[in-house]
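**Student:** predicted model and sequence follow; I will ask about them next.
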Amino acid sequence: MRIDFDPETVGPTPFYKLLTSVIVPRPIAWVSTVGQDGAANLAPHSFFTVAAVAPPVVQFTSVGRKDSLRNVEDTGEFVVNLAPEGLFEQVNATATDFPHGVSEFEAVGVEQEASLRVKPPRVAGSPVALECVVHSTMGLGNSTVVFGRVVHAAIDDAVMVAGHAEITRLRPLSRLGKNEWGTVGEVLDLARIRYADWEGRGPEKV
Ligand SMILES: Cc1cc2nc3c(=O)[nH]c(=O)nc-3n(C[C@H](O)[C@H](O)[C@H](O)COP(=O)(O)O)c2cc1C
């Protein structure tokens, strides 16, 4: 038996809570931007994923109009920093609704470092920084999806093993429902099956 939910009758906020409790875990883009006044901004966004491969594009969504979105529209650049488990409290604190012009880097005490290709700084303590130039934005009701072309990726060499960013070293946080957060659990490794191998894939799947 299943319980049925109709977004029209449930209403936007409860349905949003339902969606964010079942679309889990979500990776967190810790998005740094700068405003026209030059003040740096930092905020977590869990409506985040890869949008395209060639060109390499990532996307995050601003629900409502927030400082990150305003800065992205004003200056056309942002950096996606991986939100590492070791900076849990700081990631959460940067979601505080500080007034525009207050830098979360300074208010929360997050160390920053210069980016290579864009103005917004990176989070020095994050192992991954994806420097992005805005590709486009798309308004969807009360939300705005921001697409950014990745123009540079800066990865801490300490997380790289044989040219691969190792998940046990990255230790990314993820967002779950309510105020819940996830950390990396058991990691499974299984190769995809090519159709040419499908018939011989083994008796357990017949
Ligand atoms: C883990 C986490 C994930 C979040 N994801 C989003 C998101 O995807 N979109 C959004 O608009 N707000 C999200 N928020 C809330 C924003 O981070 C919060 O509103 C923040 O104050 C926005 O900062 P800004 O005004 O400096 O851009 C999230 C908060 C947390 C703690």
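**Tutor:** Structure received. Numbers count the residues shown, from 1 in each chain.
**Student:** residue 107 and the ligand: what is the separation?
**Tutor:** Shown here: residue 107 relative to the ligand, a distance of 10 Å by Cβ to the nearest ligand atom, to the nearest Å. All C-beta spots, glycine's among them, are computed from the backbone N, C-alpha and C.
**Student:** for the nearest residue to that residue once chain neighbours are set aside, grab the count of nearby residues.
**Tutor:** Distances taken as Cβ to Cβ, 6 or more residues apart in numbering place residue 98 nearest to residue 107, at 5.7 Å, with adjacent residues excluded. Residue 98 sits with 18 neighbouring residues when counted by other Cβ atoms under 10 Å.
**Student:** can you check residue 66 too?
**Tutor:** Other residues within reach of residue 66 by the criterion other Cβ under 10 Å amount to 17.
**Student:** for the closest residue to it other than its chain neighbours, name its beta-bridge partners.
**Tutor:** For residue 66, ignoring the flanking residues on the chain, the nearest one in space by Cβ to Cβ, 6+ apart is residue 43 at 6.9 Å. Each beta-bridge partner of residue 43 is listed here: residue 31, as defined by DSSP bridges.
**Student:** ok, residue 21 touching residue 179?
**Tutor:** No - counting by Cβ atoms under 8 Å, residue 21 sits too far from residue 179 to count as a contact (11.2 Å).
**Student:** can you list the residues of the protein near the ligand?
**Tutor:** Residues of the chain found near the ligand (Cβ under 6 Å from any ligand atom) are 28, 41, 43-47, 61-63, 66-68, 92, 95, 97, 175.
**Student:** one more time with 5 Å
**Tutor:** On the criterion Cβ under 5 Å from any ligand atom, the ligand has as its neighbours in the chain the residues 41, 43-47, 62-63, 66-68, 95, 97, 175.
**Student:** and the residues you listed, which of them are in strands?
**Tutor:** 41, 43-45, 62-63, 175 (DSSP state E).
**Student:** and the residue nearest to residue 107, its phi and psi?
**Tutor:** Dihedral angles phi and psi of residue 98 (degrees, to the nearest 10) take the values phi -60, psi 150.
**Student:** now do the one 5 residues further on
**Tutor:** The main-chain torsion angles of residue 103 are listed as degrees, to the nearest 10 and equal phi -80, psi 120.
**Student:** give the burial count for it, as a bare number.
**Tutor:** 20.
**Student:** could you measure from it over to residue 43?
**Tutor:** For residue 103, the distance to residue 43 equals 11 Å [Cβ to Cβ, to the nearest Å].
**Student:** can you pull out the helices in the protein?
**Tutor:** Chain-ordered helices for the chain, with DSSP state H as the definition, fall at 7-10, 12-22, 67-75, 88-93, 104, 167-170.
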